[in-house]
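Asks: Mind folding the following:
(one chain, ligands or ions: 1)
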Amino acid sequence: MNLTVDDALRERLARIRALGAARIRPVGLEADRAGAPVPPEHPFFAELVKLGLGRTRWLGGEEPESAGAGDPAPPEPGTGPSLTGVLLSEEMAYWDRGVAVAFPGPGLGEPPILAMGTPEQKQRFLGPFRTPDRPRWGSFAMTEPGAGSDVAAIRTACRRDGDHWLLDGDKSFAANASRADWIVVFATSDPALGRAGHRAFVVERGTPGLGDFRIERKMGLKAYESTSFTLRGCRVPAANLLGGEERQAPRAGFKGAMQSFNATRPMIGAMAVGIGRAALDEALAFARAHDRLGDPRVRDRLERVQRKLQAARLLCWRAAWLADRRRPNVLEASMAKAVAPTAAFEAAALGMELLGEEGGRGDHLIEKLFRDVKAMDIVEGTGQIQRVLMARQLVGLPRG
Ligand SMILES: Cc1cc2nc3c(=O)[nH]c(=O)nc-3n(C[C@H](O)[C@H](O)[C@H](O)COP(=O)(O)OP(=O)(O)OC[C@H]3O[C@@H](n4cnc5c(N)ncnc54)[C@H](O)[C@@H]3O)c2cc1C
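Replies: Take a look at the predicted model:
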């Protein structure tokens with residue numbers, strides 16, 4: 001595994017570090033204290049667009065049709081798009097994971113469009129994110145009030161009606177949904193077909209029948225909106241069915257979602273490492289300021305957390321490195337997603353214990369990180385689900 005970081009990426013990381021200290025962390029703290037997401041018209045988002053952030057990873061061409069597991073590695077050594085994403089995600093989350101998700105960009109909606117979209121759909125939906133004229137967001141809506149871990153249980157219905165599809169259902173917890181130009185919505189043509197009935201649609205803002213946006217209350221990560229919404233007889237043009245009718249092989253929608261997870265799980269793991277590193281740095285600073293570093297028990301626990309975070313980080317890098325080489329990474333993506341949030345949680349919990357009473361007052365950064373970190377074990381498949389998947393793979397059972 002070659003993990004060489006080239007000068008251009010090193011420079012991008014340094015820019016995020018500078019932006020993180022000056023803007024990302026203060027904006028995140030402000031949102032946390034206000035208890036509300038950073039509004040879309042906040043000048044910070046326009047600043048980010050001017051800095052060239054909030055763009056798509058799509059380069060404007062077509063991914064090779066055959067690209068997939070087993071294809072030859074792309075020629076460049078070191079950092080491909082997945083590893084780049086993992087490194088940048090960790091750095092942004094170090095400063096504030098909530099703000100990192102609030103950043104303009106196609107967000108979690110991008111991987112399914114890249115994985116399943118036709119060239120025309122990539123152009124229509126990702127094209128405006130190549131050099132955006134204003135802050136733009138995309139969103140991803142799989143979860144429903146009755147379907148979280150078990151994505152096969154989604155009940156949002158889709159029915160063909162001439163040149164359109166009619167969508168009906170309820171979605172919950174979709175990041176940035178109310179401000180998004182479009183939302184990738186997963187629906188089923190027939191719940192009895194299970195995963196074979198899944199279809200993915202790009203539902204554009206203002207589509208009749210899309211509405212009732214409601215921002216959920218969250219214990220942490222308050223800087224970005226997690227939003228529920230409804231689809232009521234929502235008329236989506238047939239051209240917005242991802243991959244088009246002819247490319248919708250049985251289970252294509254489900255497989256597309258799973259492929260997206262293999263790309264995004266290492267990134268979620270890396271974000272957890274970022275939060276964990278921030279908690280460790282704060283815990284070290286607090287222990288030093290309060291003369292606690294002379295105690296070998298404190299040093300031992302700090303070192304243990306550092307070791308776990310480093311190990312988790314390597315798992316994330318490996319999963320992303322494999323993805324860049326189009327090699328199977330299902331197991332490694334699950335490992336990264338299972339291990340990193342646990343290590344990060346331990347870092348934040350240790351920080352809280354060291355803080356003692358000060359942590360209980362609720363105005364220390366570690367207390368915020370402690371509330372923020374929990375979601376990392378939940379999103380993109382809970383830690384428990386990853387462990388179920390890994391155990392099935394270990395003993396040779398299908399994924400289920
Ligand atoms: C901050 C945040 C942001 C999110 N963003 C998005 C988003 O942008 N888009 C989106 O679509 N969704 C999003 N989600 C939803 C998220 O994907 C779901 O919360 C997650 O899939 C878990 O589903 P659930 O909450 O319904 O829990 P459940 O599936 O009800 O699980 C509850 C508990 O049971 C365990 N469990 C469930 N099934 C099994 C099993 N078979 N074996 C062992 N244990 C099991 C789980 O691990 C969990 O501990 C977000 C959630 C949060 C908290």
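
Asks: Can you report phi and psi for whichever residue of the stretch 201-350 of the chain sits closest to the ligand?
Replies: Proximity of the stretch 201-350 of the chain to the ligand (C-beta to the nearest ligand atom) peaks at Ser226, 4.8 Å away. From N, CA and C alone the C-beta is placed, and that goes for glycine too. Phi and psi for Ser226, reported as degrees, to the nearest 10, are phi -110, psi 120.

Asks: Just the pLDDT for the residue of the chain found nearest the ligand.
Replies: Residue of the chain nearest the ligand, by C-beta to the nearest ligand atom: Gly148 (1.9 Å). For Gly148, the pLDDT comes out at 93.

Asks: same check, this time on the one 3 residues further on
Replies: With respect to pLDDT, Val151 scores 88.

Asks: Now it: closest residue in space, sequence neighbours ignored.
Replies: What sits nearest to Val151 in space, not counting adjacent residues and going by C-beta to C-beta, 6 or more residues apart in numbering, is Met142, at 5.7 Å.

Asks: which ones are touching that neighbour?
Replies: Remark: with contacts taken as C-beta atoms under 8 Å, 6 or more residues apart in numbering, Met142 is in contact with Val151, Ile154, Lys171, Phe186, Ala257.

Asks: hmm, back to that, next, work out how far apart the residue of the stretch 201-350 of the chain closest to the ligand and Met267 are.
Replies: Using C-beta to C-beta, to the nearest Å, one gets 17 Å for the distance from Ser226 to Met267.

Asks: How about Arg307?
Replies: As for Arg307, its distance to Met267 is 22 Å (criterion: C-beta to C-beta).

Asks: so the nearest residue to Arg292 once chain neighbours are set aside, which of the three states?
Replies: Nearest non-adjacent residue to Arg292, counting by C-beta to C-beta, 6+ apart: Val298, 5.0 Å away. Put simply, Val298 is helix when judged by DSSP: H, G, I helix; E, B strand; the rest coil.

Asks: same thing with Leu3?
Replies: Leu3 ends up coil, using three-state DSSP.

Asks: Please name the residues that touch the residue nearest to Arg292.
Replies: Ala287, Arg292, Leu354.

Asks: Who are the packing partners of the one helix or strand Ala174 maps to?
Replies: Using DSSP states H and E, Ala174 falls within strand 164-175. Under the contact definition 3 or more C-beta pairs under 8 Å, 6 or more residues apart in numbering; DSSP states H and E, strand 164-175 sits against strand 138-141, strand 157-161, strand 182-188, strand 198-204, strand 226-237.

Asks: As TSV, these with mean pLDDT and mean neighbour count would be great.
Replies: Formatted as TSV, the helices and strands packed on strand 164-175 follow (pLDDT from 0 to 100; neighbours: other C-beta atoms under 10 Å):
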stretch	mean pLDDT	mean neighbour count
strand 138-141	97	28
strand 157-161	96	16
strand 182-188	97	27
strand 198-204	96	25
strand 226-237	98	20
